[in-house]
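Student: Need coordinates for the following:
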Amino acid sequence: MIKKLTWLLALLPGLAMAADFDGAQLSLLWAAPFAGLLLSIALFPIFAPAFWHHHFGKISAFWAAAFLLPFITSYGMAPAAGIVVHAMLAEYIPFILILFALYTVSGGILVSGNLHGSPKMNTGILALGAVMASLMGTTGAAMLLIRPLLKANDNRLHNVHVVVFFIFLVANIGGGLTPLGDPPLFLGFLKGVDFMWTVEHMMWPVLFAAAILLAMFYAIDSYYYKKEGVLPVDRTPDSKIEFFGLWNFGLIGAIIACVVMSGIWKPGIEWNIMGTHVELQNIVRDVLLVLIAIISLKFTKKEIRAGNDFNWGPILEVAKLFAAIFIAMAPAIAILRAGEAGQMASLVKMVSSPDGMPIDYMYFWMTGLLSAFLDNAPTYLVFFNLASGDAAHLMTTMASTLLAISCGAVFMGALSYIGNAPNFMVKAVAEDRGVKMPSFFGYMAWSCVCLLPVFVLMTLVFF
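Tutor: As a prediction, this is how the structure comes out:
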């Protein structure tokens, strides 16, 4: 099938290199639809929540089309098709299939009974989740623990901050210890960064940030816990904890193995589809992920998923929104990749001194702030290549710069709902469980107040 498709595409002139469109040709106006999409995600839930709930897929598609249609008119069908194919095959499909598999499998693990959502218990769950995030990935840890955490706090009058800090620690910062934890670090691993280099160098920044945030959370949660006084009747009173569907942990291990396999196994077989290289190992990984999800669905008892209130709403919301996000953000990423030849040259120049030496703290902040809105994985690659692109050189003579890039991408992905894949997923699951999560700007108010001071301290201590 793929060979036939590749042969047919080869008949169309210019399609082979369509995905390599030069971002230096683009003005910043091409990023306007992406900005419009972000504003829609931010404002519609505030001012027209019912309309957004029923039509967010159409609104997202509108902004994707607002970029593609003028682009086709200006540059032709071939470059536009190449951009869409690259966004879908190289970025969106692997992204959504990993989320789909982890969401499905984690939904087959039921923690029956209930914990008491006290400050100590909540802090302990966040700490456990931060550790697990580096072992099984931020998405896996987040999807596994968010439901028990929500159940433990379902009688609390104030529980939004619990989910917000869960996003900070479990969906982002906790994944910084290993390449398995967060997509940017895994991309670095694929580029040649040693597994243990990440463990050794990221350990202290992760522990530093996690310790401060856990202490901050405990203080905030203790304040609200005391303020609440006599809590309302608990819908899920404290009871003995039991686990069901534990065999799904084996499937989570299989998902991790599939991801690692795609980074280690290099058979050298690939197909060029409109300039996007589709490698055999990635096709095998994606097929296996779908099979793993099907196995979990088929063999997990329905009572277990019912106990988790499992439904497809959260994953469908993420799938629709991020399909548009990956397409609409393509021009912004292309302009950034153009370096000093692109319209973001002033930003690129900020990470180096006049004599060409890297400025580590600027790499930390530039990688981080752009990761918060352009997705942290491709932003990591941009600055990885800008710094040197040579993993051996970066791990030795430029180790502090690579650390700055790694920390910026992993940590500051927590600044917005779209900075890292699990953020929006956790938000969707929490809302599905009745938690009134902050708006896009409301969440950023939390992240700016709580995270930015930590990042300033990190700058002073590490960079």
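
Student: Give the burial count for residue 430, as a bare number.
Tutor: Neighbours of residue 430 under the rule other C-beta atoms under 10 Å: 24. From N, CA and C alone the C-beta is placed, and that goes for glycine too.

Student: I'd say it and residue 147 touch.
Tutor: No - assessed by C-beta atoms under 8 Å, residue 430 is found out of contact with residue 147, at 9.7 Å.

Student: all strands of the stretch 1-150 of the chain, in order?
Tutor: For the stretch 1-150 of the chain, applying DSSP state E, counting those that start in this stretch gives strands covering 110-114.

Student: residue ranges with poor pLDDT in it?
Tutor: Scanning the stretch 1-150 of the chain for pLDDT under 70 picks out 1-21, 113-115.

Student: Sketch out the helices for it, chain order is fine.
Tutor: For the stretch 1-150 of the chain, the helices defined by DSSP state H, counting those that start in this stretch occupy 2-10, 32-47, 49-75, 77-86, 93-106, 119-136, 138-152.

Student: What of the stretch 201-350 of the chain?
Tutor: Listed in chain order, the helices of the stretch 201-350 of the chain (DSSP H, counting those that start in this stretch) span 248-264, 280-299, 302-307, 313-328, 330-337, 345-349.

Student: and the angle for the fourth one with helix 138-152?
Tutor: It stands for helix 313-328. For helix 313-328 against helix 138-152, the angle by axes from the mean of the first three to the mean of the last three C-alpha atoms, to 10 degrees is 140 degrees.

Student: Next: the longest one.
Tutor: Between the direction of helix 280-299 and that of helix 138-152, the angle (the same axes, to 10 degrees) works out to 30 degrees.

Student: returning to that earlier point: just name the most buried of the helices of the stretch 1-150 of the chain.
Tutor: Using mean count of other C-beta atoms under 10 Å, the stretch among these with the largest mean neighbour count is helix 138-152, at a mean of 25.

Student: Return the list of helices and strands in contact with the helix or strand following it.
Tutor: For helix 138-152, the following helix or strand on the C-terminal side (DSSP states H and E) is helix 160-169. Judged by 3 or more C-beta pairs under 8 Å, 6 or more residues apart in numbering; DSSP states H and E, the packing partners of helix 160-169 are helix 119-136, helix 138-152, helix 195-228, helix 421-432, helix 440-462.

Student: Let's have those helices in TSV, adding distance to residue 76.
Tutor: TSV is the format used below for those (distance: least, C-beta to C-beta, whole Å):
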stretch	distance to residue 76
helix 119-136	43
helix 138-152	37
helix 195-228	42
helix 421-432	32
helix 440-462	34
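
Student: picking up where we left off before, now for the helices of the stretch 1-150 of the chain, which one comes closest to residue 400?
Tutor: With C-beta to C-beta, the closest approach to residue 400 among those belongs to helix 119-136: 21.4 Å.

Student: which outside residues touch the closest one?
Tutor: 115, 140-142, 144-145, 148-149, 152-153, 162, 165-166, 169-171, 173-178, 180-182, 206, 210, 214, 217-218, 221-222, 225, 252-253, 256 (C-beta atoms under 8 Å, 6 or more residues apart in numbering).

Student: Now do it against helix 138-152: the angle between them, please.
Tutor: 160 degrees.

Student: looking at the helices of the stretch 201-350 of the chain, which one has the lowest mean pLDDT?
Tutor: Of all these, mean pLDDT reaches its minimum on helix 345-349 (a mean of 81).

Student: To what extent is residue 194 buried, counted in neighbours?
Tutor: Neighbours of residue 194 using other C-beta under 10 Å come to 15.

Student: Quick check, pLDDT for the closest residue to it other than its chain neighbours.
Tutor: Distances taken as C-beta to C-beta, 6 or more residues apart in numbering place residue 395 nearest to residue 194, at 6.5 Å, with adjacent residues excluded. Looking at residue 395, its pLDDT stands at 90.

Student: Test my guess that residue 395 contacts residue 196.
Tutor: No - with contact defined as C-beta under 8 Å, residue 395 and residue 196 do not form a contacting pair (10.4 Å).

Student: Neighbour count: those two, which is higher?
Tutor: When neighbours are counted by other C-beta under 10 Å, residue 395 and residue 196 differ, and residue 395 comes out ahead with 19 against 10.

Student: Where does the prediction get shaky in the stretch 151-300 of the chain?
Tutor: 229-239.

Student: how near is residue 389 to residue 346?
Tutor: Residue 389 is 22 Å from residue 346, where distance means C-beta to C-beta, to the nearest Å.

Student: These two: who's more crowded?
Tutor: Neighbour comparison, residue 389 and residue 346: the larger count goes to residue 389, with 12 against 8 (by other C-beta under 10 Å).

Student: Could you pull up the residues touching that one?
Tutor: Applying C-beta under 8 Å, 6+ apart, we find residue 389 in contact with residue 191.

Student: Quick check: which element contains it?
Tutor: Counting by DSSP H and E, residue 389 is part of no helix or strand.

Student: distance of it from residue 339?
Tutor: For residue 389, the distance to residue 339 equals 12 Å [C-beta to C-beta].

Student: Could you check the pLDDT of residue 354?
Tutor: Listed pLDDT for residue 354 reads 81.

Student: Tell me the secondary structure at it.
Tutor: Secondary structure, DSSP: H, G, I helix; E, B strand; the rest coil: residue 354 is coil.

Student: With residue 437 instead?
Tutor: Under three-state DSSP, residue 437 comes out as coil.

Student: these two touch, right, it and residue 446?
Tutor: No - if you go by C-beta under 8 Å, residue 437 and residue 446 don't touch, sitting 10.3 Å apart.

Student: quick revisit: selection in ChimeraX covering whichever of the contacts of helix 119-136 are buried, please.
Tutor: One line in ChimeraX is enough to select the buried ones among those; burial here means 16 or more other C-beta atoms under 10 Å:
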select :115,140,141,142,144,145,148,149,152,153,162,165,166,169,170,171,173,174,175,176,177,178,180,181,182,206,210,214,217,218,221,225,252,256
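
Student: contacting residues for residue 407?
Tutor: Contacts for residue 407 (C-beta under 8 Å, 6+ apart) come out as 176, 202, 205, 364, 368, 458, 462.

Student: Name the residues of the one helix or strand it maps to that are buried.
Tutor: The secondary structure element spanning residue 407 is helix 399-411 (assigned by DSSP H and E). Neighbour-count burial for helix 399-411, counted by 16+ other C-beta under 10 Å, picks out 400, 401, 402, 403, 404, 405, 406, 407, 408, 409, 410, 411.

Student: distance of the fourth one from residue 368?
Tutor: What that stands for is residue 403. Counting by C-beta to C-beta, the gap from residue 403 to residue 368 is 13 Å.

Student: next one: the last one
Tutor: Going from residue 411 to residue 368 by C-beta to C-beta gives 6 Å.

Student: who touches both of these two?
Tutor: Contacts common to residue 411 and residue 368, judged by C-beta under 8 Å, 6+ apart, are residue 455.

Student: Nearest spatial neighbour of residue 289, chain-adjacent residues omitted?
Tutor: In this structure, residue 289 finds its nearest non-sequential neighbour in residue 101, 4.3 Å apart by C-beta to C-beta, 6+ apart.

Student: Assess the claim that that neighbour and residue 255 are in contact.
Tutor: Yes - the criterion here is C-beta under 8 Å, and residue 101 meets it with residue 255 at 5.2 Å.
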